[in-house]
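Below is the sequence, then the predicted model.
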Amino acid sequence: MKIGVLALQGAFREHIHKLQALEVEASEVRLPDHLRGLDALIIPGGESTTMGKLAESFDLLQPLKAFTREKPTWGTCAGLILLANRAARQKKGGQPLIGGLNITVDRNFFGRQVDSFEADLDVPALAQAARPEDPTGPFHAIFIRAPAVVEVGPQVEILARLPENGPIVAVRQGHLLGTAFHPELSNDLRFHRYFLRMVETGR
Ligand code: GLN
């Protein structure tokens, strides 16, 4: 199994380290050619406008659209924004998006008063891929100027919300996974294992 991590900008190294900890071959994707031979892709957190514009100028946007239509792809934070079909409250013309997830995201949903925060999330789906050595119970999630998912289409499975029936922060639609937080910064491999299982089962 070989997994690419989009490495135009943002927290791509941390994802690569997590994949290496799971003994999966990981490579950085900067050019269309780098997508060749990959089984799956991770789009990291960072700045979604910058990443989208860089992808456009490296002629990577169309190849990314083609790849993510077919192969398992996981977007974290800015990566979730890029995988969304719609971003709320965008200026005319908006920002370049890859799309695929039938959701609307709201960037910087949590505003300035809580730029960054941590929360314990109940994510029942993680049990499917967890190993005995993994932590049990809630997933300790790190949010950094995070988006939230404010609308979901009927095909979209809601994997996690903030406590007390709060905003949606993790979704899955078939082979596409999106998290508003940064599992690559948590000391917990369960989300990465969950994604690897999606890749293994070809969905
Ligand atoms: N606020 C950023 C954006 O809109 C996302 C932040 C992140 O990826 N940590 O792209």
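Perfect, thanks for sending it.

Enumerate the residues of this protein near the ligand.
Neighbours of the ligand within the chain, by Cβ under 6 Å from any ligand atom: 45-48, 77-78, 81, 107-108, 144-145. Just so you know, the C-beta spots here come from the backbone N, C-alpha and C atoms, and that holds for glycine as well.

Need the worst-confidence member of these.
Note: of the residues of the chain next to the ligand, the lowest pLDDT belongs to residue 108, at 90.

Let's verify the residue most central in space within the chain: helix, strand, or coil?
The residue lying closest to the centre of the chain (Cα atoms, centre = their mean) is residue 75, at 1.8 Å. Under DSSP: H, G, I helix; E, B strand; the rest coil, residue 75 falls in the strand class.

my guess is it meets residue 97, correct?
No: if you go by Cβ atoms under 8 Å, residue 75 and residue 97 don't touch, sitting 10.4 Å apart.

Now do the shared contacts for these two.
81-83 (Cβ atoms under 8 Å, 6 or more residues apart in numbering).

any idea where the helices of the protein begin and end?
Secondary structure of the chain (DSSP state H): helices located at 12-21, 48-57, 61-70, 78-83, 190-200.

Out of those helices, which is the most enclosed?
Greatest average neighbour count among the helices of the chain goes to helix 78-83 (a mean of 30), per mean count of other Cβ atoms under 10 Å.

Excluding chain neighbours, what is closest to residue 46?
With Cβ to Cβ, 6 or more residues apart in numbering as the criterion, residue 46 has its nearest non-adjacent residue at 2.0 Å, and that residue is residue 10.

can you count the residues close to the one you found?
Neighbourhood size, residue 10 [other Cβ atoms under 10 Å]: 23.

wait, what's in contact with it?
Each residue near residue 10 by Cβ under 8 Å, 6+ apart is listed here: 44-47, 51, 78.

Can you redo the residues you listed as a markdown table, where the extra columns are distance to residue 123?
Shown next, in a markdown table, are those (distance: Cβ to Cβ, whole Å):
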| residue | distance to residue 123 |
| --- | --- |
| 44 | 19 |
| 45 | 18 |
| 46 | 23 |
| 47 | 26 |
| 51 | 25 |
| 78 | 20 |
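
Poorly predicted segments of the chain, please.
Residues of the chain meeting the criterion pLDDT under 70: 92, 113, 203.

residues in contact with residue 197?
Residue 197 neighbours (Cβ under 8 Å, 6+ apart): 128-129.
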